[in-house]
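S.K.: predicted model and sequence below, questions to follow.
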Amino acid sequence: MKSKLLIFLVLFNLALIAVGYYLLNRFSSNLAPSRNTSVRGIPTNEFQLANGKAALKPLPAAPVEKIVYVTNQFDWSQVESSDYRAYIKNLRAVHCPETTIKDIILTDIMKLYAAQRGQFYHNGREFKFWETDEKRKLNARQLEEREKQLATIDKEIPSVLRELLGINYEREINKYFVDSGEDERRLNFLPAEKKSRLLALREEIEGMKERILEAANGNPSAADLEALQKIEAQRKTELERLLSGSELAEFELRTSETADRLRASLIGFNPTESEFREIFELQRAVDENLTSAKTAEEKLAAQKQVQEQIKQQLGPERFVDYERAQNPDFRSAILFAEVNQLPVSTAQTIFDIKQVAEAERQNLLSNTSVQDRDRVEALKAIQAETEKALRQTMGTKVYANYSQGTGSWVRQLGAAK
């Protein structure tokens, strides 16, 4: 980005020089006086009588207006600085766009930390082409030191970027590796100006929270928690000022932590829009109350209450589907089926097989009348039957993938402990 900006500025200055040269020639031709012409109304040659003879009277030199040509020459050294704060200030002073400033500083910082990280990936030995690989391996002490230093760097980078540019490191990096259009899709119901202001508010609030948590080093005090609550209250006030009532409701459905948790916990439930809104309103109310709940018992009671309210809203039959979706094993089966383009009925079968197999295993482990040798054989048989049933359900090839990842639980069925 530096080179691109430099090229732009050089071309811009060349254009200014060319324009200046053109104007200089134009003004020079206009200023060259010809006979019987005048400059600012004063004759260039004036005659008068001297001793009865016509004589040329020398005139006082006419004042010549000084013309100053500004070439606007630029050198990158006028902007660049080893102090990033000064560097950013200088870039803004020459009206460099904020997005370009961000790209320049982000790239520079990442290169700086990449160099620091690289120092810990070798043992400092001079490279000798005849030495085999083990000679350059880090020893145990160096490996331990490397992990410490890398952890420090990984913790420092987000803080530096937040302090200098006010950006979230993970979100910024994800733009290059994951999806840069997520914010656009979530906020596409808003006009561009409000969208921009919302994103700026998010960065400001996140920065305030991160600074408190970093200072607390993972162990926030009561004062820290109170400060975080005040920041959250400030966020809500700003949102209410910026958005209309309907916009705020839509914003919360699209971006709030409660809504995100629901989208993860309702996998396989397939809520309608109205069902999601109803569940969201109930869950948001209890989430807000949980912040003031002081004991685990109070939190559990609040959660039970919202579950009962959801049951009343959905009705008994639909609530069965809702409860099933709360089981992480069921959600895991649904996700696997979705990725492998299997029908929902297959996901249900995978879930049922696991429930039955693990129940049988627990019963066998808790049955003290069974001899150890017989128990081991019975557990192996459960594992074998489960593998066979799953292979028939999803096919040999898909099962091979399943058993290496999501289905690793199958290998535990035959274990006696």
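M.R.: Here it is on my side, so go on.

S.K.: what lies in contact with the one helix or strand R171 maps to?
M.R.: Using DSSP states H and E, the element containing R171 is helix 169-177. Applying Cβ atoms under 8 Å, 6 or more residues apart in numbering, the contact partners of helix 169-177 are L106, I157, P158, L161, R162, S180. Backbone N, C-alpha and C define where each C-beta goes, glycine included.

S.K.: show me the contacts for N401.
M.R.: N340.

S.K.: one step back: how distant is the helix or strand just after the helix holding R171 from the center of its chain?
M.R.: Using DSSP H and E, the helix or strand that follows helix 169-177 in sequence is helix 182-186. Helix 182-186 sits 12 Å away from the centroid of its parent chain (Cα atoms, centre = their mean, to the nearest Å).

S.K.: C-alpha coordinates for stretch 230-239, PDB please?
M.R.: These are the backbone C-alpha positions of stretch 230-239, laid out as PDB (Å, rounded to 0.1, in the frame of the first residue of the first chain):
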ATOM      1  CA  LYS A 230     -21.900   1.200  32.600                       C
ATOM      2  CA  ILE A 231     -20.300   0.800  29.200                       C
ATOM      3  CA  GLU A 232     -23.100  -1.600  28.100                       C
ATOM      4  CA  ALA A 233     -25.700   0.900  29.400                       C
ATOM      5  CA  GLN A 234     -23.900   3.600  27.400                       C
ATOM      6  CA  ARG A 235     -24.100   1.300  24.300                       C
ATOM      7  CA  LYS A 236     -27.900   0.900  24.700                       C
ATOM      8  CA  THR A 237     -28.400   4.600  25.200                       C
ATOM      9  CA  GLU A 238     -26.400   5.400  22.000                       C
ATOM     10  CA  LEU A 239     -28.400   2.700  20.100                       C
END
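
S.K.: now the closest residue to Q78 other than its chain neighbours: which helix or strand?
M.R.: Leaving out its chain neighbours, the residue that sits closest to Q78 by Cβ to Cβ, 6 or more residues apart in numbering is N90, at 7.3 Å. Element membership for N90, per DSSP H and E: helix 84-93.

S.K.: circling back to that earlier point, what separation do you get for the residue nearest to Q78 and Q404?
M.R.: 54 Å (Cβ to Cβ, to the nearest Å).

S.K.: over to A249?
M.R.: For A249, the distance to Q404 - Cβ to Cβ - is 44 Å.

S.K.: kindly report the same for Q149.
M.R.: Q149 is 34 Å from Q404, by Cβ to Cβ.

S.K.: give me the more crowded residue out of those two.
M.R.: Each of Q149 and Q404 has its neighbours counted (other Cβ atoms under 10 Å); Q149 has more, 14 against 10.

S.K.: quick check: that one vs K137, distance?
M.R.: Taken as Cβ to Cβ, the span from Q149 to K137 is 17 Å.

S.K.: contacting residues around the residue lying closest to E80 once chain neighbours are set aside?
M.R.: Closest residue to E80 apart from its sequence neighbours, by Cβ to Cβ, 6+ apart: Y87 at 6.4 Å. Contact partners of Y87, counting by Cβ under 8 Å, 6+ apart, are V79, E80, S81, I105.

S.K.: filter the residues you listed to the buried ones?
M.R.: V79, I105 (16 or more other Cβ atoms under 10 Å).

S.K.: out of the contacts of Y87, who's nearest Q307?
M.R.: I105 (48.3 Å; Cβ to Cβ).

S.K.: surely the closest one is in a strand?
M.R.: No. Counting by DSSP: H, G, I helix; E, B strand; the rest coil, I105 is not found in a strand; it is helix.

S.K.: what sits against it?
M.R.: Contacts of I105 by Cβ under 8 Å, 6+ apart are Y84, Y87, I88, L164, L165.

S.K.: hmm, 10 Å instead?
M.R.: For I105, the contacting residues are M1, Y84, Y87, I88, L91, V160, L161, L164, L165, I167, by Cβ atoms under 10 Å, 6 or more residues apart in numbering.

S.K.: distance to R197 added to those residues, as CSV?
M.R.: Formatted as CSV, these follow (distance: Cβ to Cβ, whole Å):
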residue, distance to R197
M1, 26
Y84, 26
Y87, 27
I88, 22
L91, 23
V160, 25
L161, 21
L164, 22
L165, 18
I167, 16
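
S.K.: format those as a markdown table; extra columns: distance to Y322 and pLDDT.
M.R.: Putting the contacts of I105 into a markdown table (distance: Cβ to Cβ, whole Å; pLDDT from 0 to 100) gives the following:
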| residue | distance to Y322 | pLDDT |
| --- | --- | --- |
| M1 | 50 | 45 |
| Y84 | 51 | 87 |
| Y87 | 54 | 88 |
| I88 | 51 | 89 |
| L91 | 53 | 88 |
| V160 | 45 | 87 |
| L161 | 41 | 85 |
| L164 | 46 | 86 |
| L165 | 43 | 85 |
| I167 | 38 | 80 |
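
S.K.: just give me the closest of those to F351.
M.R.: I167 (41.6 Å).

S.K.: can you give the domain ranges for this protein?
M.R.: The chain resolves into domains spanning 2-74, 341-412 when parsed by automatic domain parsing.

S.K.: noted, bye for now.
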